[in-house]
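Participant: My questions are about this predicted structure, shown below with the sequence.
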Amino acid sequence: MKLLRDKIVLNITVIAIFLLSASASAAPRNQQLNTAQLELMYQAMQRMESTNSKGRLIKTGSKQAQSGIQKVAFKPEKKSFGKNLMVTATAYTSHVAQTDSTPNIAAWGDRLKPGMKVIAVSRDLLTVYGLKHKQKVRIKGLKGEYVVLDKMNKRWRKKIDIYMGMNKRKAFKWGRRKVEIQWNS
């Protein structure tokens with residue numbers, strides 16, 4: 001009985017947080033926050049619904065789970081990107097031989113650290129195709145989003161360079177590939 005009461009209190013708390021965040025202003029920053037809060041709420045609800053009256057986890061497909069509360073199939077909408085383009089992708093590292101005398105400082109002055117998901121872009125991607133400094137880009141076939149923090153030499157066209165930290169072996173293994181990039185304008 002106490003566990004059921006705890007679940008109800010938690011449900012009410014999660015719903016209250018959702019309602020409070022939904023009443024905030026509709027600035028883009030708040031919309032991202034709301035999506036994150038919705039994701040947390042969804043995960044909390046799933047955990048609560050997958051426990052029995054003794055607080056033990058139950059299998060999703062079991063009769064005990066099916067007789068309980070129906071799960072709502074809510075998942076926050078994935079961010080869709082408006083523009084996409086096929087480009088040549090190579091890789092680079094923070095070694096003087098591959099960059100210049102300041103290998104950890106990008107063209108706009110940003111500091112690069114191993115582990116960052118960063119790309120350098122050819123200048124035509126900035127001027128002709130509309131990419132911008134600190135813009136998030138998705139590279140098809142790779143997980144996560146990469147941030148545009150560096151520019152390449154003027155001689156390159158429709159090309160990106162993926163930052164690999166200090167790992168030369170990983171950069172050489174990547175080689176040169178054609179990939180599709182996606183971004184919002």
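Facilitator: Arrived safely, thanks for sending.
Participant: gap between Lys178 and Asp100?
Facilitator: Computed as C-beta to C-beta, to the nearest Å, the Lys178 to Asp100 distance reads 27 Å. Quick note: C-beta positions are derived from backbone N, CA and C, even for glycine.
Participant: residue boundaries of the helices in the protein?
Facilitator: Under the criterion DSSP state H, the chain carries helices at the ranges 2-22, 28-49, 63-67, 123-127, 168-174.
Participant: weakest of the ones you listed by average pLDDT?
Facilitator: Per-segment mean pLDDT for the helices of the chain reaches its minimum on helix 63-67, at a mean of 51.
Participant: Excluding chain neighbours, what is closest to Glu145?
Facilitator: Lys136 (4.4 Å; C-beta to C-beta, 6 or more residues apart in numbering).
Participant: gap between the one you found and Gly130?
Facilitator: Counting by C-beta to C-beta, the separation of Lys136 from Gly130 is 13 Å.
Participant: ok, those two, which is more surrounded?
Facilitator: Per other C-beta atoms under 10 Å, whichever of Lys136 and Gly130 has more neighbours is Lys136, with 15 against 12.
Participant: List the contacts of that one.
Facilitator: By C-beta atoms under 8 Å, 6 or more residues apart in numbering, Lys136 lies in contact with 145-147, 183-184.
Participant: Give me the buried entries from those.
Facilitator: 146-147, 183 (16 or more other C-beta atoms under 10 Å).
Participant: hang on, the earlier thing: nearest to Ile162, of the contacts of Lys136?
Facilitator: Nearest to Ile162, judged by C-beta to C-beta, of these is Tyr146 at 7.1 Å.
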